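*Asks:* no FASTA, just this:
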């Protein structure tokens with residue numbers, strides 16, 4: 001796959017959809033989900049102008065993200081408290097904070113490292129999702145973590161596989177307004193256009209950008 005052409009095509013399509021939603025072109029960030037993609041593909045995507053990349057698994061990111069050209073790295077997997085120190089050290093943004101314990105662990109690790117770390121509160125808007133805090137509880141969690149010095153900069157959510165996607169995205173947008181910050185990370189390869197219509201400022205794109213995922217060798221955490 002020609003990554004340069006793929007990035008350019010997606011960016012053009014995102015701008016078209018953003019303008020159709022009566023929003024400013026360039027106001028939606030594309031986060032390239034590099035899960036199972038080889039390191040060279042990641043490097044090629046950065047060279048093509050991708051400014052944000054994300055991984056679900058710490059071990060996989062360690063193998064690919066060390067020594068990359070300038071890029072913002074996002075952790076988008078479930079945060080295990082015992083891995084908070086390593087996650088805070090490797091990533092610039094943690095999108096998946098859904099528990100006080102993991103948020104406190106990240107705040108502590110960032111303070112100890114003297115490193116700025118942005119975080120998003122992950123909310124659950126889908127019956128099929130295992131992770132994410134109830135939307136009504138998100139503002140209180142954000143306030144508590146901000147009190148601990150963690151830069152909580154918005155909300156992340158995974159849309160439902162079926163049912164009323166629009167109602168779920170409306171709930172995510174309202175929760176984002178209640179939490180505050182600059183980032184609503186909403187929308188993936190199958191639903192990003194609808195997410196932009198509901199105010200998403202960041203879409204997380206894997207297969208629609210990189211093509212089908214290569215098979216992963218072994219289990220990664």
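*Replies:* Done, it's in. It should be emphasised that the depicted structure is a prediction, and the values quoted were computed from it without experimental measurement. Numbers count the residues shown, from 1 in each chain.
*Asks:* only C-alpha atoms for contact and neighbour calcs from this point on.
*Replies:* Will do.
*Asks:* I figured residue 27 hits residue 201, correct?
*Replies:* Yes. Using Cα atoms under 8 Å, residue 27 is in contact with residue 201, at 6.5 Å.
*Asks:* So the two - more neighbours on which side?
*Replies:* Counted by other Cα atoms under 10 Å, residue 27 and residue 201 do not tie: residue 201 has more neighbours, with 19 against 16.
*Asks:* So what's the residue count around the closest residue to that one other than its chain neighbours?
*Replies:* The shortest distance from residue 201 to any residue other than its chain neighbours is 4.5 Å, reached at residue 28 (Cα to Cα, 6 or more residues apart in numbering). Number of residues near residue 28 (other Cα under 10 Å) recorded here: 22.
*Asks:* Residue 28 reaches residue 198, doesn't it?
*Replies:* No. Checked against Cα under 8 Å, the pair residue 28 and residue 198 is beyond contact range at 11.8 Å.
*Asks:* For the residue nearest to residue 201, give me its contacts.
*Replies:* By Cα atoms under 8 Å, 6 or more residues apart in numbering, the residues touching residue 28 are 14, 15, 18, 196, 200, 201, 202, 203.
*Asks:* Now, those residues that are in helices?
*Replies:* Using DSSP state H, 14, 15, 18, 196 are the members of the contacts of residue 28 that sit in helices.
*Asks:* nearest to residue 3, of those residues?
*Replies:* Closest to residue 3 out of the ones in helices among the contacts of residue 28 is residue 14 (16.2 Å), distances taken as Cα to Cα.
*Asks:* Contact partners for the closest one?
*Replies:* Applying Cα under 8 Å, 6+ apart to residue 14 gives the contacts 28, 193.
*Asks:* and if we set it to 10 Å?
*Replies:* The contact partners of residue 14, taken as Cα atoms under 10 Å, 6 or more residues apart in numbering, are 8, 20, 25, 26, 27, 28, 29, 30, 192, 193, 196, 203.
*Asks:* And the ones in helices among the contacts of residue 28, which two are furthest apart?
*Replies:* Maximum pairwise distance among the ones in helices among the contacts of residue 28 (Cα to Cα): 10.1 Å, between 15 and 196.
*Asks:* Quick check: neighbours shared by these two?
*Replies:* With Cα under 10 Å, 6+ apart as the test, residue 15 and residue 196 both reach 21, 23, 27, 28.
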